[in-house]
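S.K.: next one to model:
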Amino acid sequence: MAAKLTARQQQILDLIRSEILRTGFPPTRAEIARALGFKSANASEDHLKALARKGAIELTAGASRGIRLVGEPPAASPTAPTQLPGAGQVLLPIVGRVAAGHPILATEHVEREIGIEPALFSQMPDYLLRVRGSSMRDAGILDGDLLAVRKSPEARNGQIVVARIGDEVTVKRFSRSGRHIELLPENPDFQPIVVTPEDDFSLEGIAVGLIRSTPLH
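M.R.: So this is what the prediction gives:
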């Protein structure tokens, strides 16, 4: 049984429960802040952590809606995209600018979440990454586009990947020959990135599709 809650904690718990009943998924930290008049989402996070310590909820790291009421079935698996009730759609987070050293799906990176049709992609993506810059222009990936990404620690030659080198996250075409790895741009104005053994390198995922979010002129 959960420990005794403060009035504010009970208010947040009731809000979470009502949102799950109303929409099928829990609110984000920002939505809690707006509903209860907090100055920032950080205040929501502090209250959620307190609720988790008291055993009222469980939190899933890296998921903006990763809140589960203890003792009640989850609206959706916290490790899978959320199914929108009756809509045939899944809810995917849009990841904006990634802060140095932070997980790509950290709450503070998620701009919002949108419903998409699974049939749009040959493989189901885990998130949408907002593209920055024009280094992949000739592959048809433009600044501001939403790149659909499936989480994967491995890639084949020629695949477009989301990679992390040190504190930077970049979108490039993957090329490996033996132990030699290069990340290739699709724009002659940019140079390939050669990954050395000393680099802190990891693959964050593989591109499985693209959504153009800019208006047509």
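S.K.: could you export the helix ranked longest in the chain as CSV, CA atoms only?
M.R.: Across the chain, the longest stretch assigned as helix under DSSP state H is helix 7-23. Output of helix 7-23 as CSV, limited to C-alpha atoms (Å, rounded to 0.1, in the frame of the first residue of the first chain):
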residue,chain,number,x,y,z
ALA,A,7,-2.9,17.0,-0.7
ARG,A,8,-0.8,18.1,-3.7
GLN,A,9,0.4,14.6,-4.4
GLN,A,10,-3.1,13.3,-4.2
GLN,A,11,-4.2,16.0,-6.7
ILE,A,12,-1.5,14.9,-9.1
LEU,A,13,-2.4,11.2,-8.7
ASP,A,14,-6.1,12.0,-9.4
LEU,A,15,-5.0,14.0,-12.5
ILE,A,16,-2.9,11.0,-13.8
ARG,A,17,-5.8,8.6,-13.2
SER,A,18,-8.4,10.9,-14.9
GLU,A,19,-6.1,11.5,-18.0
ILE,A,20,-5.6,7.7,-18.4
LEU,A,21,-9.3,7.2,-18.2
ARG,A,22,-10.0,10.1,-20.6
THR,A,23,-7.3,9.6,-23.3
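S.K.: buried stuff in it?
M.R.: The neighbour-count check on helix 7-23 (16 or more other CB atoms under 10 Å) flags Q9, I12, L13, L15, I16, E19, I20 as buried. Placement of C-beta: from N, CA and C, glycine included.
S.K.: how many other residues sit next to the nearest residue to the fifth one once chain neighbours are set aside?
M.R.: Once flanking residues are discounted, I16 sits nearest to P26: 5.2 Å by CB to CB, 6 or more residues apart in numbering. A count of neighbours around P26, defined by other CB atoms under 10 Å, yields 26.
S.K.: rewinding a little: so what does the longest helix of the chain touch, helix or strand wise?
M.R.: helix 29-36, helix 41-53, strand 67-69 (3 or more CB pairs under 8 Å, 6 or more residues apart in numbering; DSSP states H and E).
S.K.: can you list the neighbours in contact with the second one?
M.R.: Outside helix 41-53, the residues within contact range by CB atoms under 8 Å, 6 or more residues apart in numbering are 5, 8-9, 12-13, 28-30, 32-33, 36, 38, 57-59, 67, 107-108.
S.K.: please redo it, this time with the cut-off set to 10 Å
M.R.: Applying CB atoms under 10 Å, 6 or more residues apart in numbering, the contact partners of helix 41-53 are 2-3, 5-6, 8-13, 15-16, 26-38, 40, 56-59, 64, 66-70, 107-108.
S.K.: following it, which helix or strand comes up?
M.R.: Once the chain leaves helix 41-53, the next helix or strand it forms, by DSSP states H and E, is strand 57-59.
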